[in-house]
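S.K.: pasted the sequence and its predicted model underneath.
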Amino acid sequence: MNHQQPTQELQAYLAGSWTVERTLLDRTSGTNGTFTGVVRYTRNPDGGLDYREDGTMHWPTHSGPAFREYLLKPGSGPESMDVFFPDGRPFHVMSFAEQGNQDKHWCDPDDYRVRYTWEGPDSFNFIWDVRGPAKNLLLESHLVRIDAGRQP
């Protein structure tokens, strides 16, 4: 696994379309699931990126189409972006920097912790570790750039 970080700014690195493969584990019940689809990071007029994820969820209690959306705004430096929910509430900071690749989010009553890993110019992953009285989940996402190796 490559633990280097991209040499360019995070926003430029993310812009475009990526395939996503996610495994989901409910550690309380031992239930496993998957999500496969496409993530699009689209530049927006506010100087950030719109995040849209579309795909198919396979989970014992719900299988079928699923999506989520976030808004990414420039962070404290070119190596990070601040992630917000669609309604404007802050979510977490995204970064591959060695001292900034982990963050957390409190969603009462559970604690969400994320770690981002840059794997190369056309792939990265992130892992959400969710613990609390309501949820005990491990969500591992692997993204690969669509049209990897092509110049935009």
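M.R.: Perfect, I can see it now. Residues are numbered from 1 along each chain as shown.
S.K.: now for this structure, the helix or strand with the poorest mean pLDDT.
M.R.: strand 102-107 (a mean of 88; mean pLDDT, DSSP states H and E).
S.K.: packing partners of it?
M.R.: Secondary-structure packing of strand 102-107 (3 or more C-beta pairs under 8 Å, 6 or more residues apart in numbering; DSSP states H and E): strand 90-95, strand 110-120. To be clear about C-beta, it is placed using only N, CA and C from the backbone, and glycine gets the same treatment.
S.K.: which of these sits most buried?
M.R.: Stretch with highest mean neighbour count among the helices and strands packed on strand 102-107: strand 90-95 (a mean of 19; mean count of other C-beta atoms under 10 Å).
S.K.: centre of the chain versus it, how much separation?
M.R.: Counting by C-alpha atoms, centre = their mean, to the nearest Å, strand 90-95 is centred 10 Å from the centre of its parent chain.
S.K.: same for it, what does it pack against?
M.R.: The helices and strands touching strand 90-95, judged by 3+ C-beta pairs under 8 Å, 6+ apart, are strand 80-84, strand 102-107, strand 110-120.
S.K.: could the helices and strands packed on strand 102-107 be laid out in TSV, adding mean pLDDT and distance to Val130?
M.R.: Below are those laid out as TSV (pLDDT from 0 to 100; distance: least, C-beta to C-beta, whole Å):
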stretch	mean pLDDT	distance to Val130
strand 90-95	95	12
strand 110-120	94	5
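S.K.: where along the chain do the strands fall?
M.R.: Assigned by DSSP state E, the chain shows strands spanning 16-26, 31-43, 49-59, 62-74, 80-84, 90-95, 102-107, 110-120, 123-131, 136-145.
S.K.: and of these, who's closest to Leu10?
M.R.: Shortest distance between Leu10 and these, using C-beta to C-beta, is found for strand 80-84: 5.4 Å.
S.K.: any regions of this protein where pLDDT drops low?
M.R.: 1-8, 148-152 (pLDDT under 70).
S.K.: if we use 90, what do you get?
M.R.: Within the chain, the ranges that satisfy pLDDT under 90 run 1-9, 46-47, 61-62, 76-77, 97-102, 105-108, 147-152.
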